[in-house]
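**Q** Show me the folded form of this:
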Amino acid sequence: MKSKMLPLLLIASCFVSRVAAEELTPIDRPTWSIGDTWKYRILDGWNGAERRQYVNTVVAFEGDFVVLRGTSSTNADGFTVRMNADQQSCRSLQNDSSVVCDGPFKFPLSAMYEHKIVKLPFPNGKGTVSGECVGKGVEKVSVPAGEFEAYRVDCKGHWTRIFDGVGYGRIEDSSWYAPAVKRMVKYSMVDFSPQGMPNNKEILELMEFKPASLSAVK
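**A** Here you go, the predicted model:
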């Protein structure tokens with residue numbers, strides 16, 4: 001799976017403490033506000049080089065969807081992202097009007113957390129990702145935006161390309177959600193070729209969170 005397939009709906013951190021999942025007080029779904037803004041960077045997981053940066057801002061609530069507008073260092077014209085209340089990306093397959101919303105998080109994040117992702121379309125609509133996700137508890141994680149207590153979810157599954165050539169391979173990723181910024185602060189991913197060889201590897205890190213009040217947390 002190429003990097004453009006990644007969400008949102010992506011290891012330079014140092015973990016210094018951890019609260020096991022079975023000891024966790026459930027983490028409830030956050031409330032977003034129009035104007036909440038997150039800035040991320042995406043790194044090449046093999047050499048640590050920065051691939052791009054992007055910014056997401058909550059701009060509207062439409063029924064069951066949260067609408068975010070974004071810009072990136074490779075797309076100055078901007079793009080739109082839709083998510084549900086669980087911060088799951090909402091996407092469609094190419095030439096299909098039906099929408100699937102899914103992702104690693106489904107609130108509350110609780111002890112012994114488990115969740116299945118079922119045929120979530122790639123951002124470009126050319127295939128799907130499925131997998132099983134398991135909560136690993138709370139870890140202290142450091143990213144450019146600061147140090148956060150974050151709930152970790154590990155997912156293992158597979159990707160399937162349907163359009164513009166067919167293909168199939170494994171994918172493994174980890175996501176860290178921090179209540180302090182109401183969103184993921186880190187994501188790491190590696191996918192594998194149909195022959196089982198590691199292919200693309202990416203790391204996403206939060207660079208800045210600016211709540212709607214405009215008081216930035218860095």
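**Q** Disregarding flanking residues, what is the spatial nearest neighbour of Pro121?
**A** Once flanking residues are discounted, Pro121 sits nearest to Arg91: 4.1 Å by Cβ to Cβ, 6 or more residues apart in numbering. Every C-beta, even on glycine, is put in place using the N, C-alpha and C of the backbone.
**Q** for Phe148, same thing?
**A** Closest residue in space to Phe148, ignoring its immediate chain neighbours: Ala178 at 3.9 Å, by Cβ to Cβ, 6+ apart.
**Q** And Phe107, by the same measure?
**A** Arg29 (3.7 Å).
**Q** Make sure the one you found is actually in contact with Ala85.
**A** Yes: the pair Arg29 / Ala85 is scored as a contact, 6.1 Å apart, by Cβ atoms under 8 Å.
**Q** which neighbours do the two share?
**A** Among the neighbours of Arg29, those also in contact with Ala85 (Cβ atoms under 8 Å, 6 or more residues apart in numbering) are Phe107.
**Q** Going along the chain, name the strands of this protein.
**A** 18-19, 37-44, 50-62, 65-72, 75-83, 89-91, 100-102, 114-121, 127-143, 146-161, 167-178, 183-192, 198-210 (DSSP state E).
**Q** Packing partners of the last one?
**A** Other elements packing on strand 198-210 under the criterion 3 or more Cβ pairs under 8 Å, 6 or more residues apart in numbering; DSSP states H and E are strand 37-44, strand 127-143, strand 183-192.
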